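*Asks:* A structural model of the following input is requested.
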Amino acid sequence: MTVREIHHIIMSNLFGALIFFAAGGLLGMAPSPAPGGGAHRLGHTTDPGIIPGAWQTDAYLFMLEGKRVALVGNHTSTIGGIHLVDTLLASGIELIKVFSPEHGFRGEAAAGELVETGKDPETGIPLHSLYGRYRRPTESQLADVDILLFDIQDVGARFYTYISTMTYVMEAAAQYGIPMIILDRPNPNGHYVDGPVLDADYSSFVGLHPVPVVHGMTVGEYARMINGEGWLNSNRQCELHVVRVQNYTRQSHYVLPVPPSPNLPNMHAVHLYPSLCFFEGTQISVGRGTSKPFQIYGHPDLPPGTYNDRFVPERVRAAPDPPQLGKVCYGVDLSDKPLSELRTKQQINLQYLIDAYNNYPDKENFFNNFFDNLAGNALLRYQIKAGYSAQEIRNTWQDELDAFKSIRSGYLLYPDNE
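*Replies:* Numbers count the residues shown, from 1 in each chain. Model prediction:
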């Protein structure tokens, strides 16, 4: 099948390409059950005019012809119901290996679970984990690669590690002179910018760069900023080509086709994630080990009279050892909030964190050593301990946030709504 024929099939059935998928495809990447037991699909975008970069095969397949290609991807690397690997192989592209981020190629590994390198059982293509022994491609892994193709769905939060993986891949590409194509995708939290800007002293895999928690950029825009701001080692530049999303603005309502990771099973979790992930640096559970991860939070020691919702974390594939395992947690269930309300919010909600701290009996041990890395500074922890209000905290990061927005404006590829 030729490149043009593949493109014709995809573009003539933007939302009907499931015929090929239902037959199993070449890769057999059929949807697997989500952590809560539902189907491993979130639904279709409510803005059908949006066309992600991967779907626009005419814009990049010609650049891959005659090249030895390495894909940086996972279970989100799809065109409709067809995995990108299927499309590449059916197009005659020489795909020689795949690099996968946290959660692995099939998106099933739990948070923090190291992923082994191996071979894909369906195709025999070598799979190299970038969340195991190595966090970036090695010289030997790239020795036979002519071009890198990046296609991973991000959620727009600094501490979501896919953009850190992208950074390390860009560094390796720049070091070894390998061009990189990014197939851009919409940012479901791209409609606002908020949170403290990371202090360089707190750079880690959950936050490498001086950006706020919610940066309001697609991965393509973020990659342009990485290059433009000189954030790669030795101030190198990655030879970068971004295939833009068509018909996308930051006002677009885009429903992710598949969950981006095991504990973000639906759009409620995706939109609540920037606010609730701070709890990962505390004693509070965010619902890992339940059917509502990142939609509820609580702890056995929070007062049940104040926190009326209950849940009990259990061992599941997505959370084999969740915080507060087997204990009754008292907290707040946010899963019934109208999705439209979450989708249109313009700020991180700090009140969840402030209230939980104020009601937690053992304040000395409320925070753990991970919190400052998530916050990107030590100040937020001190402010909460000191009794600052959400607005008082927000006021302290506003100047740096405004400065970031000014820098960010030079790298945007899509219309902003600010």
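
*Asks:* and stretch 252-259, end to end?
*Replies:* Using Cα to Cα, to the nearest Å, the end-to-end distance of stretch 252-259 comes out at 18 Å.

*Asks:* average pLDDT for that stretch?
*Replies:* Model confidence over stretch 252-259, given as mean pLDDT, is 91.

*Asks:* off-centre distance for that stretch?
*Replies:* Centroid displacement of stretch 252-259 relative to its chain, using Cα atoms, centre = their mean, to the nearest Å, is 12 Å.

*Asks:* what pLDDT, on average, does stretch 103-112 get?
*Replies:* For stretch 103-112, the per-residue pLDDT averages 73.

*Asks:* and what of stretch 200-220?
*Replies:* Stretch 200-220 comes out at a mean pLDDT of 97.

*Asks:* show me where the stretch 101-250 of the chain has strands.
*Replies:* For the stretch 101-250 of the chain, applying DSSP state E, counting those that start in this stretch gives strands covering 118-119, 126-129, 147-151, 180-183, 240-243.

*Asks:* paired strands for the first one, with orientation please.
*Replies:* Strand pairing for strand 118-119, determined by DSSP bridges: strand 126-129 (antiparallel).

*Asks:* what average pLDDT does the partner strand get?
*Replies:* For strand 126-129, mean pLDDT is 92.

*Asks:* let's have the strands of the stretch 101-250 of the chain in a markdown table, adding mean neighbour count.
*Replies:* For glycine as for every other residue, the C-beta is placed from the backbone atoms N, C-alpha and C. A markdown table is the format used below for the strands of the stretch 101-250 of the chain (neighbours: other Cβ atoms under 10 Å):
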| stretch | mean neighbour count |
| --- | --- |
| strand 118-119 | 12 |
| strand 126-129 | 19 |
| strand 147-151 | 24 |
| strand 180-183 | 26 |
| strand 240-243 | 19 |
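
*Asks:* just send these back as TSV, with distance to residue 204 too.
*Replies:* As requested, the strands of the stretch 101-250 of the chain are arranged in TSV below (distance: least, Cβ to Cβ, whole Å):
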stretch	distance to residue 204
strand 118-119	27
strand 126-129	19
strand 147-151	21
strand 180-183	23
strand 240-243	24
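
*Asks:* least reliable of those going by mean pLDDT?
*Replies:* Among the strands of the stretch 101-250 of the chain, strand 118-119 scores lowest, with a mean of 86.

*Asks:* so what touches it?
*Replies:* Contacting residues not belonging to strand 118-119 are listed as 125, 126, 127 [Cβ atoms under 8 Å, 6 or more residues apart in numbering].

*Asks:* distance from that strand to the middle of the chain?
*Replies:* That offset, for strand 118-119, works out to 23 Å (Cα atoms, centre = their mean).

*Asks:* could you do stretch 156-165 as well?
*Replies:* On Cα atoms, centre = their mean, the centre of stretch 156-165 falls 6 Å from that of its chain.

*Asks:* kindly report the same for stretch 133-140.
*Replies:* With Cα atoms, centre = their mean, you get 21 Å for stretch 133-140.

*Asks:* cool, stretch 324-331 as well?
*Replies:* On Cα atoms, centre = their mean, the centre of stretch 324-331 falls 27 Å from that of its chain.

*Asks:* residues in contact with it?
*Replies:* For stretch 324-331, contacts defined as Cβ under 8 Å, 6+ apart pick out 284-285, 289, 296-300, 302-304, 306-315, 356.

*Asks:* taking the residues you listed one by one, which sit in helices?
*Replies:* Among those, the members falling in helices (DSSP state H) are residue 356.

*Asks:* going through the contacts of stretch 324-331, which ones are buried?
*Replies:* Among those, those classed as buried by 16 or more other Cβ atoms under 10 Å are 284-285, 289, 296-299, 302, 307, 309, 311-313, 356.

*Asks:* low-scoring stretches of this structure, by residue?
*Replies:* In the predicted model of the chain, residues 1-48, 107, 109-110, 112, 417-418 satisfy pLDDT under 70.

*Asks:* could you redo the last one with a cut-off of 80?
*Replies:* Along the chain, segments meeting pLDDT under 80 span 1-48, 103-104, 106-117, 121-122, 417-418.

*Asks:* okay, which residue is most central for the protein?
*Replies:* residue 154 (3.2 Å; Cα atoms, centre = their mean).

*Asks:* quick one, what contacts it?
*Replies:* 160, 162, 163, 185, 187, 218, 219, 222, 260 are the contacts of residue 154 under Cβ under 8 Å, 6+ apart.

*Asks:* switch the cut-off to 6 Å
*Replies:* 162, 219 (Cβ atoms under 6 Å, 6 or more residues apart in numbering).

*Asks:* kindly report the same for residue 281.
*Replies:* The contact partners of residue 281, by Cβ under 6 Å, 6+ apart, come to 368, 370, 371, 374.

*Asks:* quick one: the helices in the protein, in order.
*Replies:* 3-12, 18-22, 61-64, 84-90, 139-142, 162-176, 219-228, 267-276, 339-343, 351-359, 371-375, 379-385, 390-408.

*Asks:* looking at those, which is closest to residue 121?
*Replies:* Closest approach to residue 121 among these (Cβ to Cβ): helix 84-90, 12.7 Å.

*Asks:* now for residue 337, how many residues are close by?
*Replies:* For residue 337, the count of nearby residues is 14 (other Cβ atoms under 10 Å).

*Asks:* name the nearest residue to residue 135, sequence neighbours excluded.
*Replies:* residue 168 (5.4 Å; Cβ to Cβ, 6 or more residues apart in numbering).

*Asks:* that neighbour against residue 138, yeah?
*Replies:* No - at 10.9 Å, residue 168 does not count as touching residue 138 under the criterion of Cβ atoms under 6 Å.

*Asks:* which one's more surrounded, these two?
*Replies:* residue 168 (21 against 12).

*Asks:* residue farthest from the centroid of this structure?
*Replies:* Max distance from the centre of the chain (Cα atoms, centre = their mean): residue 305, 35.6 Å.

*Asks:* against residue 121, how distant is that one?
*Replies:* 52 Å (Cβ to Cβ, to the nearest Å).

*Asks:* kindly report the same for residue 68.
*Replies:* Taken as Cβ to Cβ, the span from residue 68 to residue 121 is 22 Å.

*Asks:* mind checking which of these two has more residues around it?
*Replies:* Taking neighbours as other Cβ under 10 Å, residue 68 and residue 121 compare with residue 68 leading, 14 against 9.

*Asks:* write down the beta-bridge partners of the more buried one, one by one.
*Replies:* Applying DSSP bridges, one finds that residue 68 bridges with residue 94.

*Asks:* wait, doesn't it sit right on residue 94?
*Replies:* Yes - at 5.4 Å, residue 68 counts as touching residue 94 under the criterion of Cβ under 6 Å.
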